[in-house]
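**Student:** need a 3D model of the sequence below.
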Amino acid sequence: MIRILIPIAAACALTACAPERQVSGRALYQDYCLSCHGAGGRGDGPAAEGLGKAPADLTTISARNGGTFPMVQVMSAIDGYSRRGDRSSVMPELGVALQEGPLVRVDTGDGIATPTPANLVALANYLKGLQQ
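**Tutor:** Just a heads-up that it's a prediction; the model follows:
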């Protein structure tokens, strides 16, 4: 039994010491959002014209929410959770694509730090920076 646990413990220790890869919200935006939402986030990307519904202007999220950036709602929209079953949405669900990588703890408003994909948080933070 001990022969099995020692290699597992060693692997866990090495993983814990490995440097975390820095997540770039800007790079994620360029990979997943720019084609529809455009470089500035205004919904004027090169693929926007071919969609049945115009992409949202991401620079006015806070303005549409009383001047506050709704981080949890934005992450839920990006992930696709809040849009499941919405047949009018043309935005892809990015939850699976953004799951790769480390998790960070995010208070989602209930006082509980919820493990959340760092990529999802980084992308939402990038959008927060685009607000007018």
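
**Student:** L103: neighbouring residues, count only.
**Tutor:** By other CB atoms under 10 Å, the residues close to L103 number 14. Bear in mind the C-beta positions are built from the backbone N, C-alpha and C, glycine included.

**Student:** quick one: pLDDT of it?
**Tutor:** Model confidence at L103, expressed as pLDDT, equals 96.

**Student:** grab the nearest non-local neighbour of it.
**Tutor:** With sequence-adjacent residues excluded and distances taken as CB to CB, 6 or more residues apart in numbering, L103 is closest to P115, at 4.2 Å.

**Student:** then M75?
**Tutor:** Going by CB to CB, 6+ apart, M75 has A124 as its nearest residue, at 4.8 Å.

**Student:** one step back: report the secondary structure state of the residue nearest to L103.
**Tutor:** On the three-state scheme (DSSP: H, G, I helix; E, B strand; the rest coil), P115 is labelled strand.

**Student:** who touches it in this structure?
**Tutor:** Neighbour list for P115: L103, V104, R105 [criterion: CB atoms under 8 Å, 6 or more residues apart in numbering].

**Student:** can you redo those as TSV with distance to G45?
**Tutor:** Converted to TSV, the contacts of P115 look like this (distance: CB to CB, whole Å):
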residue	distance to G45
L103	29
V104	28
R105	32
